[in-house]
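> What follows is a predicted protein model with its sequence.
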Amino acid sequence: MTINVTSPITGGAQTGLTSPTYMTTQDASPPGDPGEQVAVTALGGTQPGVVAHSIGSPFTINFTRPASPKLIGTPNPVTGVVASVPNNTFKVVTRKGVVPLAGQPVRTMLLKTTIEVPAGADIADPNSIRAALSAHIGALNQQSAGLGDLLINGVL
């Protein structure tokens, strides 16, 4: 198994949170395409007002892959060009229950990363796929607190 989230997860830096960590447990029946999901069952560090997973206030992280991966087509015998290159779509979805206004019911916030890999690139250019993912995750990690502030104050 390639995806194996280990507990605890060390959270990225965020304004107002001190040393955030997330203890997780495997979810036996994740939604969607074939995937792996964990539920955040306990919190570490200082995270005022944050609650762990429950039915009424979910806190899960889900990784999925295509149910039927697509393959690249055959090149045109005259031009040598593949006319249609399908994408294989992979997703990471985090769900977190949030309260939109004091006294109101919990609503589910969604964080989605969708990765569309052209069929065949996994064989022809795997290092470019890895480099793109590395840069994407690195930028998110580097900007964790700034992105959190942006979601709160709207200042880019």
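Done, it's in.

> C-alpha from now on. contacts and neighbour counts both.
OK.

> Which helix runs longest in this structure?
When the chain is parsed with DSSP state H, its longest helix is helix 126-142.

> Which positions within that helix qualify as buried?
By neighbour count on 16 or more other CA atoms under 10 Å, the buried set for helix 126-142 is empty.

> Mind listing residues that contact that helix?
By CA atoms under 8 Å, 6 or more residues apart in numbering, the residues outside helix 126-142 that reach it are 12, 117, 121-122, 147.

> Tell me the helix or strand right after it.
Later in the chain than helix 126-142, the nearest helix or strand by DSSP states H and E is helix 144-153.

> mind giving me the domain split of the protein?
Using automatic domain parsing, the domain parsing of the chain gives 1-68+88-115, 117-156.

> What mean pLDDT does the last one get?
For domain 117-156, the per-residue pLDDT values average out at 92.

> now do the same end-to-end measure for that domain.
Length of domain 117-156, first residue to last, CA to CA, to the nearest Å: 29 Å.

> what distance separates that domain from the middle of the whole chain?
10 Å (CA atoms, centre = their mean, to the nearest Å).

> try the first one
In this view, domain 1-68+88-115 has its centroid 9 Å away from the chain centroid, taken as CA atoms, centre = their mean.

> And the domains of the chain: which comes nearest residue 82?
Among these, the nearest to residue 82 by CA to CA is domain 117-156 (10.9 Å).

> who touches the residue nearest the centre of the chain in this structure?
Closest residue to the average C-alpha location of the chain: residue 92 at 2.8 Å, with CA atoms, centre = their mean. Contacts of residue 92 were listed using CA under 8 Å, 6+ apart, and they are 61-64, 112-114.

> Residue 53: which of these is nearest?
residue 61 (10.6 Å).

> sec struct for the residue nearest to that closest one when sequence neighbours are not counted, please.
Leaving aside its sequence neighbours, residue 61 sits nearest to residue 94 (CA to CA, 6 or more residues apart in numbering; 4.3 Å). Secondary structure assignment for residue 94 (DSSP: H, G, I helix; E, B strand; the rest coil): strand.
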